[in-house]
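J.: coords below, sequence missing:
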């Protein structure tokens, strides 16, 4: 059959099809770009801290009516550091103080406890938010009205337990800060009363979990030896199980390992937070409500394993008649 030469209408049709295909491609690319932007916009973001500055305290002098300063180490990775959104008004309780990560000076404790920004302007801050430390301190302070509570934040997001072994950067840094805190606060009758540990997400993998328990027990032993406190309370917490395990993830196994810690070492405990499912939108980091609950559970465990930390009655008020 003899082929006919293309007509003007054929050229028009081909141009239309060509433009349609290009347009469809642009629409597809545009849809992909919008989907990527939407994915980015839903990424969990912790708002930066507001209302600077930190309020300095004279750490060597106890507030009137208090008998001693109890110090606590905050160790682990991002859920100890905290990623929960912060309240509009920062806490300013003179009975709860914190050692700043950036300058090692002491200030009234407020969120974020793991502030890395400048104490006066907050410049240089990262994504730190609400963790369990402040709620823990508040619960301890309520039960012991004669003490001041000092928090020593040391956690670093994403850190594996290998970085918390003796000789590694984070472990050595925590020991340095603990020893410095004792030097700074000696006049206030300060003592290190406990260590709170929230870590495991980075090691909940097929490759790492097999050696995790040995490293955790070594951490407990080395910490107690280097601080000269053989019965130092060490309290762990389970990691979040907001999403199912899969693709080599072993969160459930990690939590069973953490919960067994008291069977392996005396004067230890583990907060069970597996029932807490609320997060900041990433299925990894506990939200503010969950972090506050974890803090209260840490306090309950602390009172259970530290006899000297048992709740105390308030100091008696002076008898005015007897003074006459």
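T.: Arrived safely, thanks for sending. All values reported here derive from a predicted model rather than from experimental measurement. Residues are numbered from 1 along each chain as shown.
J.: ok, and the closest non-adjacent residue to residue 129?
T.: Spatial nearest neighbour of residue 129, excluding adjacent residues (Cβ to Cβ, 6 or more residues apart in numbering): residue 46 at 4.0 Å. Heads up, the C-betas are built off the backbone N, CA and C, glycines and all.
J.: Surely that neighbour forms part of a helix?
T.: No: secondary structure of residue 46 (DSSP: H, G, I helix; E, B strand; the rest coil): coil, not part of a helix.
J.: Let me see the contact set for it.
T.: By Cβ atoms under 8 Å, 6 or more residues apart in numbering, the contact list for residue 46 reads 83, 84, 85, 86, 127, 128, 129, 280.
J.: Tell me the one of these nearest residue 75?
T.: residue 128 (14.9 Å; Cβ to Cβ).
J.: what about the closest one, which helix or strand?
T.: Assignment of secondary structure by DSSP states H and E places residue 128 within no helix or strand.
J.: Is it in contact with residue 115, as I believe?
T.: Yes: Residue 128 lies in contact with residue 115 (Cβ atoms under 8 Å); the separation is 6.1 Å.
J.: shared neighbours of those two, anything?
T.: Contact criterion Cβ under 8 Å, 6+ apart; residues shared by residue 128 and residue 115: residue 49.
J.: Selection in PyMOL covering whichever of the contacts of residue 46 are buried, please.
T.: The PyMOL selection below is limited to those of these classed as buried (16 or more other Cβ atoms under 10 Å):
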select buried, resi 83+84+86+127+128+129+280
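J.: can you redo the contacts of residue 46 as a markdown table with distance to residue 266?
T.: Converted to a markdown table, the contacts of residue 46 look like this (distance: Cβ to Cβ, whole Å):
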| residue | distance to residue 266 |
| --- | --- |
| 83 | 32 |
| 84 | 32 |
| 85 | 38 |
| 86 | 37 |
| 127 | 36 |
| 128 | 33 |
| 129 | 34 |
| 280 | 35 |
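J.: And the contacts of residue 46, which is closest to residue 171?
T.: Checking the contacts of residue 46 against residue 171 with Cβ to Cβ, the nearest one is residue 128 at 20.2 Å.
J.: For the protein, which residue occupies the most central location?
T.: Closest residue to the average C-alpha location of the chain: residue 80 at 1.9 Å, with Cα atoms, centre = their mean.
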